[in-house]
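Q: Sequence and computational prediction follow.
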Amino acid sequence: MEVRVKALILIVITTWLYGCESVPDQLNPFSPDALLSETEYSAQRQQALERALVVDPDSGATRFVGDTVYVIMSDFQFDPNQIRLKAGAITRIRLSNSAWVTHYFGGDEFFQNGAEVVSILGSNVPPNQNHIPVPPFTERDLYLYAKDPGEYPLNCFVPNHRNAGMKGVLIVETDEKAE
């Protein structure tokens, strides 16, 4: 509790001195606590995997049958900049970088509370990665298990890209089918 009070004081002073744009997203003292235990998340994640992956009985090949969201990353924007995911489900996000520089997809609060990366079908992301890099003129599939409903800031990790407009929101909504 004391850490949250200190963070709130820091936010108020920083905002007063420098304005709202200077307050980093990581200083949000009101981020929600996890709604489920790790055991409950694990069971729910396993059920979501069983719904999202199908194995062809003839070839043995596994394919993804869940929802896919397409996101284009260009100079200083995500398109779309508002992405909706269903809690308790696995969603593939196909990231396409159409710019000359590496862009990053993510946000600290989102990967701490809202979702976790699932490494399936060759989509390997190192653990504890809060910003997923996408090199210039490439595509990357990111599979996310959406956990806790809420709205989470999305931004590019490259310095000054967020301030230049490369930001958005990741919205995790409850899904009756997943419960």
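A: Yes, it's here.

Q: bridging residues for the residue nearest to Gly114 when sequence neighbours are not counted?
A: Of all residues not flanking Gly114 in the chain, Tyr152 sits nearest, at 4.5 Å (C-beta to C-beta, 6 or more residues apart in numbering). Using the backbone N, CA and C atoms, a C-beta is placed for each residue, glycine as well. In this entry, Tyr152 is beta-bridged to Leu170, by DSSP bridges.

Q: and the residue of the chain positioned farthest from its centre, what helix or strand is that in?
A: Seen from the C-alpha centroid of the chain, the residue lying at the greatest distance (C-alpha atoms, centre = their mean) is Asp58, 34.8 Å away. For Asp58, there is no helix or strand it lies in under DSSP states H and E.

Q: follow-up on the earlier one: how deep is the residue nearest to Gly114 tucked in, by neighbour count?
A: Tyr152 has 25 neighbours, counted by other C-beta atoms under 10 Å.

Q: OK, contacts around it?
A: Taking C-beta atoms under 8 Å, 6 or more residues apart in numbering, we find Tyr152 in contact with 107, 109-110, 113-114, 169-172.

Q: Quick check: pLDDT value at it.
A: Tyr152 carries a pLDDT value of 95.
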